[in-house]
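Participant: Structure, please.
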Amino acid sequence: MKKLLALVLCVMMFVSVLSTNAFADKATVSAHPDFDTGSLTATPRAAANNKAIKNAKENIEYMYGALAADNAVFGTIKSMDSVIGSIASDLFSGVDEFRGIPGGKLKDNTKTVLRDYIGSSIVDYLEDHSDKFETASQSWKTTLSDGTIGSLTYTGKFTNKYGDPIYVDKEGTIYALGHKGTWYKAVSSAGTRATASTKDTPNVTDADLDDLTRVKWQKLDKGTVTLTREYKYDPIAYANTFAAAVNDAFNSKDGASLIQSMVYQLYSAKVYDDLEDKFDDLWDEMADWEDGSAILSQYHFHDLLPNGYADQGDVFNPYALMDLDDYPNKMALPAAILVP
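Facilitator: Numbers count the residues shown, from 1 in each chain. As a prediction, the model looks like this:
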């Protein structure tokens, strides 16, 4: 008797802590959404919840991967720019000016040009190797009868008389994509909608797709069916591809020749600046040696001398003194280097 009484008391205590709403006809808390349908009233299913968990895990992995990739890429860019800065500084070390452009400005311009050259090379590499880190998908979409947007599913068939690929929407409407990009919808001679067979419409037979000669095709307005492209990215694969792009820009045959070409062109400007000072010193030495007596003129070794000496144009006669500006090839400096 005591055991029975104790059991009854335990049950009563348990019931007393329950809200009276527990026995109501309708729950006061909204049901969880069905992640497959987006419904806020549907009963949650294990499959939908498992899908949500899988999606969340993938999102978390992507976010951490994106942060790691961006850190790696930014670190690579900083290291690369340090190299470019060193090249520009070393090339114009000790250069006061060149063709009226101050040495500091020449350094800044050189860094800008090198960044443009190297950056363009890296971007071109990434575009050519985007398949390493980018997965593209595309789908055709059209407006359904209820006004919503639905995807078209390729049926794997080319059964209309024109040999066009056949698609179907979830309502069973048949579409054909013409070879010129024009879309057509299959309609019966009575003007009613024709149907097609898909796994999602088991009440429709495959015969509807196998024999499309019984329907006529209605040309759709441009834009009725649109192509949607979506891209997914692998952050770690991108970071690795970016590193490969930088390596290619500096070390590949084309990349190395580009850097060497730029360095040699810029170094030629530095050499010109250095030697121009030495030539000026030499002309001053000549003028001091002559001391106004025009000794070189008496030898006729004066025709192309600068600083007030007689100049008879581009005729180098007699062959006595060389001209700094008479180098054999055009100095092909990028125009951006000499921007004031």
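
Participant: quick one, longest helix in the chain?
Facilitator: helix 46-91 (DSSP state H).

Participant: Quick one: list the elements packing against that helix.
Facilitator: helix 103-128, helix 235-251, helix 253-290 (3 or more Cβ pairs under 8 Å, 6 or more residues apart in numbering; DSSP states H and E). C-beta: built from backbone N, CA, C; applies to glycine.

Participant: Rebuild the ones you listed as JSON lines, extending it with distance to Thr228, mean pLDDT and mean neighbour count.
Facilitator: As requested, those are exported to JSON lines (distance: least, Cβ to Cβ, whole Å; pLDDT from 0 to 100; neighbours: other Cβ atoms under 10 Å):
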{"stretch": "helix 103-128", "distance to Thr228": "22", "mean pLDDT": "90", "mean neighbour count": "17"}
{"stretch": "helix 235-251", "distance to Thr228": "23", "mean pLDDT": "92", "mean neighbour count": "18"}
{"stretch": "helix 253-290", "distance to Thr228": "37", "mean pLDDT": "84", "mean neighbour count": "14"}
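
Participant: Which stretch among those helices approaches Pro328 most closely?
Facilitator: With Cβ to Cβ as the criterion, Pro328 lies closest to helix 253-290 of the helices and strands packed on helix 46-91, at 11.8 Å.

Participant: Report the next helix or strand after the closest one in sequence order.
Facilitator: Heading C-terminal from helix 253-290, the first helix or strand you meet, by DSSP states H and E, is helix 295-298.

Participant: Could you pull up the mean pLDDT of that next one?
Facilitator: Across helix 295-298, pLDDT averages out at 81.

Participant: buried ones in that helix?
Facilitator: Neighbour counts over helix 295-298 (16 or more other Cβ atoms under 10 Å) mark Leu296 as buried.

Participant: Can we start the residue count at 47 from this point?
Facilitator: Sounds good: first residue 47 from here, last item helix 341-344.

Participant: Return the distance of it from the chain's centre.
Facilitator: In terms of Cα atoms, centre = their mean, to the nearest Å, the centre of helix 341-344 is set 67 Å apart from its chain centre.

Participant: how many degrees apart are the longest helix of the chain and helix 299-336 in direction?
Facilitator: With axes from the mean of the first three to the mean of the last three Cα atoms, to 10 degrees as the basis, helix 92-137 and helix 299-336 are set at 20 degrees to each other.

Participant: gap between helix 92-137 and the chain center?
Facilitator: Centroid separation for helix 92-137 versus its chain: 14 Å, with Cα atoms, centre = their mean.

Participant: what do you get for stretch 164-176?
Facilitator: Put simply, stretch 164-176 sits 9 Å off its chain's centre (Cα atoms, centre = their mean).

Participant: what's it in contact with?
Facilitator: Contacts with stretch 164-176, where a contact means Cβ atoms under 8 Å, 6 or more residues apart in numbering, come from 126, 130, 287-288, 290-292, 294-296, 300-301, 304-305.

Participant: one more time with 10 Å, if that's ok
Facilitator: 122-123, 126-127, 129-130, 178-180, 182, 277, 279, 283-284, 287-288, 290-296, 298, 300-301, 304-305, 308 (Cβ atoms under 10 Å, 6 or more residues apart in numbering).

Participant: returning to that earlier point: closest to Lys187 out of the helices and strands packed on helix 92-137?
Facilitator: Nearest to Lys187, of all the helices and strands packed on helix 92-137, is helix 149-174, at 27.0 Å by Cβ to Cβ.

Participant: got the angle between the helix or strand that the closest one is followed by and helix 281-297?
Facilitator: The element immediately downstream of helix 149-174 (helix or strand, assigned by DSSP H and E) is strand 180-189. If you take the same axes, to 10 degrees, strand 180-189 sits at 120 degrees to helix 281-297.

Participant: Strand 180-189: what's the following helix or strand?
Facilitator: Next element after strand 180-189 (DSSP H and E): strand 195-197.

Participant: tell me the average confidence for that following strand?
Facilitator: 86.

Participant: Over to stretch 214-222?
Facilitator: Taken as a whole, stretch 214-222 carries a mean pLDDT of 84.

Participant: Determine how far the last residue of it lies from the first.
Facilitator: One end of stretch 214-222 to the other measures 9 Å (Cα to Cα, to the nearest Å).

Participant: buried ones in it?
Facilitator: So for stretch 214-222, counting by 16+ other Cβ under 10 Å, buried means Val214, Asp215, Gly218, Thr219, Ile220, Tyr221, Ala222.
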